[in-house]
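S.K.: One predicted model, sequence on top.
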Amino acid sequence: MHIHPDALAVAGAFAPDQPAILNRPHAAARAARFFVEKFPGRSLYAVKANPSPELLRVLWDAGITHYDVASIAEVRMARAALPEATLCFMHPVKTPSAIIEAYRDHGVRVFSLDSIEELEKIRDATTAANGGILPEDLTLCVRLRVSSEGSELSLASKFGCDLTGAGELLQATRQVADSLGVCFHVGSQSMSPHAYVQALERVRAAIVDAAVTVDIIDVGGGFPSIYPGMEPPPLEDYFGVIDRTYESLPVSYSAELWCEPGRALCAEYNSMIVRVERRRGTELFINDGAYGALFDAAHVGWRFPVRLLRDSAANEDGETETQDFSFWGPTCDDMDHMEGPFALPADIKAGDFIEIGMLGAYGAAMKTAFNGFGATEVFEVSDEPMSSQYRGDRRDPRVSDNVVSLR
Ligand SMILES: Cc1ncc(COP(=O)(O)O)c(C=O)c1O
């Protein structure tokens, strides 16, 4: 694929009629290398955040060997893209047929669960897939419910067993598993490293209660990226407290520490060029929206960085007058609305192109064809993402006005 310098060059050369997704493989590779080098354990990539096969190969080349997959379609796709990768089926509610196919045809040996019913399902389905003999190579991770406090998107309600039932479930799982893990998810875009400490303390209580040998502690995803109004502490802070708390847990001497970042590995991978189709006051009608890559902007009011793609948006004084805008997406649906606010030059008009940044995680992956929209063009660019926590030049968000807040 031809590599373009940036979004402005793409808009200038192609004036894309459809929303255009921009790939930045160098940014994803840099994020992956950061986790591989600095996380004090193994980093799995959570494929759901962005399942693009090109991205999977970038992450693989940068050293990510394990992948968290949540459906049989993700298993098949990840296996086709990465024949040698270790796939971990981490959805706690799976169909028997998905487990059988994953075990028998795709070499999946790692599964997660949060109930006795799911444990029995995994036991029976893998036994069937193994010619009627219970396999001796299963890694089973019991998912514990933990607080999502401090995260921007809760994952505390749907999955995870409560502490009261965890001891019994861990003991039952130990009977089936060759390797036993405990996993959790603190919620996506977790703004506080302390969330992982609290969750690991719950893990400690569950292990003590169960009195079983645990081989894997999987701290899940939730590692944040940088968005307007959301400036998290450096990832090193997260890794530091996770490492210290993990080291004090009662686990087997050969135990492993895992994490499953989705967002943090791919947020910087994509941005998108959209076109303004109509302006109505401070409302801009653009050609992507709630049913496209802007799902989070519409449904959870997430703000993404934006810039107008114009050679010079400055006035005679060399300044750009900006104004706050909201967006309407292309479908005929009132819910196709992104409140923002998105600050853009005040003279923006129909026909202008806008780059919307940081759409690599749960952005490009969310596109649907609803209402006949959803077609995209894809370009590769070599410039920097609109924000990055991996460039090494980040201002420490805890330092302001010469005051350093103590952790
Ligand atoms: C089991 C599991 N692991 C990892 C992730 C990735 O989370 P994040 O993108 O917040 O890092 C998710 C997201 O839903 C998940 O469900």
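M.R.: Nice, thanks for sending it over. Numbers count the residues shown, from 1 in each chain.

S.K.: Spatially, what comes nearest to residue 53 if we skip its sequence neighbours?
M.R.: Nearest in space to residue 53, with sequence neighbours left out and distances taken as CB to CB, 6 or more residues apart in numbering, is residue 81 at 4.1 Å. For every residue, glycine as well, the C-beta is placed using N, CA and C.

S.K.: do you know how far the one you found is from residue 162?
M.R.: Note on residue 81: its distance to residue 162, by CB to CB, to the nearest Å, is 37 Å.

S.K.: got it, and residue 4?
M.R.: Residue 4 is 51 Å from residue 162, by CB to CB.

S.K.: With residue 77 instead?
M.R.: According to CB to CB, residue 77 and residue 162 sit 33 Å apart.

S.K.: higher neighbour count, the two?
M.R.: Legend: neighbour count by other CB atoms under 10 Å for residue 77 and residue 162, higher for residue 77 (17 against 12).

S.K.: residues in the stretch 251-400 of the chain within reach of the ligand, list them.
M.R.: Residues of the stretch 251-400 of the chain lying near the ligand by CB under 6 Å from any ligand atom: 260-264, 361.

S.K.: OK, now which residue of the stretch 1-150 of the chain is nearest to the ligand?
M.R.: The stretch 1-150 of the chain approaches the ligand most closely through residue 46 (3.5 Å), counting by CB to the nearest ligand atom.

S.K.: for that residue, what are its contacts?
M.R.: By CB atoms under 8 Å, 6 or more residues apart in numbering, the contact list for residue 46 reads 68, 70, 90, 221, 260-262, 265.

S.K.: Closest one of the residues you listed to residue 152?
M.R.: residue 221 (12.5 Å; CB to CB).

S.K.: residue contacts, the closest one?
M.R.: Counting by CB under 8 Å, 6+ apart, residue 221 makes contact with 46, 49, 68, 185, 188, 259-264.

S.K.: List phi and psi for the residue nearest to residue 53.
M.R.: When read as degrees, to the nearest 10, the backbone of residue 81 gives phi -80, psi -40.

S.K.: Could you give the number of residues near it?
M.R.: 18.

S.K.: And residue 242, how far from the ligand?
M.R.: 14 Å (CB to the nearest ligand atom, to the nearest Å).

S.K.: Looking at the residues of the stretch 251-400 of the chain next to the ligand, which are in strands?
M.R.: Taking DSSP state E, every one of those sits outside strands.

S.K.: Could you turn the buried ones of these into a ChimeraX selection?
M.R.: Here is the ChimeraX command that selects only those of those that count as buried (16 or more other CB atoms under 10 Å):
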select :260,261,262,263,264,361
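
S.K.: could you dump the residues of the stretch 251-400 of the chain next to the ligand to CSV with pLDDT?
M.R.: Listed next are these as CSV, based on pLDDT from 0 to 100:
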residue, pLDDT
260, 98
261, 98
262, 98
263, 98
264, 98
361, 97
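
S.K.: Tell me the one among the residues of the stretch 251-400 of the chain next to the ligand nearest to residue 61.
M.R.: Among those, and counting by CB to CB, the member closest to residue 61 is residue 261, at 17.1 Å.

S.K.: right, quick check: stretch 65-78 against the ligand, any contact?
M.R.: Yes. Using CB under 6 Å from any ligand atom, stretch 65-78 reaches the ligand at residue 68.

S.K.: Ends of that stretch, what's the gap?
M.R.: With CA to CA, to the nearest Å as the measure, stretch 65-78 spans 11 Å from end to end.

S.K.: Could you shift the numbering so residue one becomes 881, and keep it that way?
M.R.: OK, 881 is where the count begins now, so the last one is stretch 945-958.

S.K.: May I see the buried residues of it?
M.R.: Within stretch 945-958, judged by 16+ other CB under 10 Å, the buried ones are 947-952, 954-958.

S.K.: ranges for the strands of the stretch 881-1030 of the chain?
M.R.: With strands called from DSSP state E, counting those that start in this stretch, the stretch 881-1030 of the chain shows them at 883-884, 900-903, 922-926, 946-949, 966-969, 990-993, 1019-1023.

S.K.: Can you get me a residue count around the residue of the stretch 931-1080 of the chain found nearest the ligand?
M.R.: Relative to the ligand, the nearest point of the stretch 931-1080 of the chain is residue 1068 (3.3 Å; CB to the nearest ligand atom). Here the number of neighbours of residue 1068 (other CB under 10 Å) works out to 25.
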